[in-house]
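*Asks:* any chance you can model this:
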Amino acid sequence: IMSLLDETVSVPRRTMTLFFMIDTSGSMAGSKIGAVNDAVVNVLPMLDEISVTNPDAEIKVAALEFSTSCSWLYSEPKLANEFVWQDVQANGLTSLGAACEELENKLSRSKGFMQSASGSFAPAIILLSDGAATDNFDAGLAKLKANNWFKSAIKVAIAIGDDADKDELAKFTGTNEAVFTVHNIEALKQIIRVVAVTSSQIGSKSSTAGETTKQDQVISEVQNAVDNIDGAEVATKVDGSSYADDWD
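*Replies:* Now for the predicted structure:
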């Protein structure tokens, strides 16, 4: 006799894709890009564990690097345990507008990374940048903002140091409460880990009506975590930052 348990096992799990958008412009060279590479390598096994133990959804990872041009690290999202991180290098300009268009391209079902709506949870998108766009950011973002997957996505931005354009990052996430500033290598590594894990845990849950949005849940949890990370702060809380940049 087939038990109820056997029946539940056969239900295909949905997919939640976690997108990293990584600024690899010249100003990221050295310790900043090194910390990003290190953090992503170390967070992938954590994402794999969340995916393996989640009965509702599996988690896939996609990564877009942008400098003078944009490129995906893989031609499709990969399960975390299959995503072999190739260290990204930093040089060139900051084509964030083009990166927005490239992301919009992949957030479409016809030619993109997303499966049918019934088979996917809305994605989570983590944008990391230490500067300002050198191309037409507003035009690229306008295209992206018309995308339904983007509208419902969890969106968090990590401002790497004082030179990051927090206004641009807030336009991307839709709120400055979802922009977190880091001022040193250790804070950068910790915040990547916290944001990636929190977004994956919350983004891959079936949500019920009446709850706060997944975006709000992620912001709230990350804000709590940031209070305990030396060298990290919520961008909104900063008139004069309590931290000085230290990237040595």
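
*Asks:* how many residues are close by the closest residue in space to Asp165 that isn't next to it in sequence?
*Replies:* Leaving out its chain neighbours, the residue that sits closest to Asp165 by Cβ to Cβ, 6 or more residues apart in numbering is Ala132, at 3.7 Å. C-beta here means a position set from N, CA and C on the backbone, and glycine is covered the same way. Neighbourhood size, Ala132 [other Cβ atoms under 10 Å]: 16.

*Asks:* list the contacts for Ala132?
*Replies:* Residues in contact with Ala132 (Cβ atoms under 8 Å, 6 or more residues apart in numbering) are Thr94, Asp163, Ala164, Asp165, Glu168.

*Asks:* farthest-separated two in the residues you listed?
*Replies:* Greatest spatial distance among the contacts of Ala132 (Cβ to Cβ): Asp163 and Glu168, at 11.9 Å.

*Asks:* and those two? Which one has more around it.
*Replies:* It is Glu168, of Asp163 and Glu168, that has more neighbours when counted by other Cβ under 10 Å, with 22 against 12.

*Asks:* next helix or strand past the host helix or strand of that one?
*Replies:* Element membership for Glu168, per DSSP states H and E: helix 166-173. Of the helices and strands lying after helix 166-173 in sequence (DSSP H and E), the nearest is strand 179-182.

*Asks:* now Gln217: how far from Ala170?
*Replies:* According to Cβ to Cβ, to the nearest Å, Gln217 stands 19 Å off from Ala170.

*Asks:* likewise Asp38?
*Replies:* To Ala170, Asp38 is 27 Å away according to Cβ to Cβ.

*Asks:* can you show me the helices along the protein?
*Replies:* Using DSSP state H, the helices assigned to the chain run over residues 4-9, 31-53, 96-106, 137-145, 148-152, 166-173, 185-203, 214-226.

*Asks:* just send these back as JSON lines, with distance to Ala124 too.
*Replies:* Formatted as JSON lines, these follow (distance: least, Cβ to Cβ, whole Å):
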{"stretch": "helix 4-9", "distance to Ala124": "25"}
{"stretch": "helix 31-53", "distance to Ala124": "11"}
{"stretch": "helix 96-106", "distance to Ala124": "12"}
{"stretch": "helix 137-145", "distance to Ala124": "15"}
{"stretch": "helix 148-152", "distance to Ala124": "11"}
{"stretch": "helix 166-173", "distance to Ala124": "11"}
{"stretch": "helix 185-203", "distance to Ala124": "4"}
{"stretch": "helix 214-226", "distance to Ala124": "8"}
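
*Asks:* pLDDT weak spots in this protein?
*Replies:* By pLDDT under 70, the low-scoring segments of the chain are 1-11, 110-111, 115-117, 208-211, 237-240.

*Asks:* now with 90, please.
*Replies:* Counting by pLDDT under 90, the chain contains low-confidence ranges at 1-14, 55-56, 108-120, 205-212, 235-243, 247-248.

*Asks:* nothing else from me, thank you.
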